[in-house]
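S.K.: Have a look at this prediction, sequence included:
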Amino acid sequence: MPAEDDSQTVLADPERWVDEYGDYLYRYAWSRLRDESAADEVVQETFLAGIRFQDRFTGEGADRAWLLGILKRKLIDHIRMRNRYDRDGSYEDTNDPSGQLFDQKGNWRADSFAADTPDGQMESKEIWDVVKNC
């Protein structure tokens with residue numbers, strides 16, 4: 001007869017994570033990223049990773065500390081991805097419209113307000129009148 005195993009695997013309880021730790025993890029993420037949607041995203045990724053790997057939770061520490069450790073790695077991954085995206089230049093182009101509105105010499109691009117409809121053309125003419133008067 002095999003000996004009984006006295007050791008028990010302590011599993012995390014994901015059903016209570018959002019209620020108990022969601023605000024704490026969100027505030028931590030937001031304090032590092034200063035971006036609401038990014039903070040939401042990394043906290044969600046943290047919970048998903050916690051659920052996926054809950055069998056690795058040893059029970060030696062608190063759920064909160066374990067989840068915080070996961071969150072820290074998710075934050076690092078997010079920051080690395082954001083920095084890689086910034087280096088390519090594509091992130092900067094989408095947030096700064098000056099490259100679309102002005103040419104290399106700083107002159108206003110005439111095609112920056114393309115209007116496909118008669119109403120749009122009238123609005124474009126009105127905008128150009130305002131710009132010229134400035």
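M.R.: That came through fine. Numbers count the residues shown, from 1 in each chain.
S.K.: Could I get the full set of strands for this structure?
M.R.: When secondary structure is read from DSSP state E, the chain shows no strands.
S.K.: As a check, name the ranges of all helices in it.
M.R.: Remark: helices assigned in the chain by DSSP state H are 17-33, 36-52, 63-88, 90-95, 98-101, 118-133.
S.K.: and Asp77, how many neighbours?
M.R.: Using other Cβ atoms under 10 Å, Asp77 has 12 neighbouring residues. Every C-beta, even on glycine, is put in place using the N, C-alpha and C of the backbone.
S.K.: Equivalent analysis for Tyr21, please.
M.R.: Tyr21 has 22 nearby residues by other Cβ under 10 Å.
S.K.: Return the distance of the residue nearest to it when sequence neighbours are not counted relative to Val130.
M.R.: Nearest residue to Tyr21, sequence neighbours excluded (Cβ to Cβ, 6 or more residues apart in numbering): Arg64, at 5.3 Å. For Arg64, the distance to Val130 (Cβ to Cβ, to the nearest Å) stands at 56 Å.
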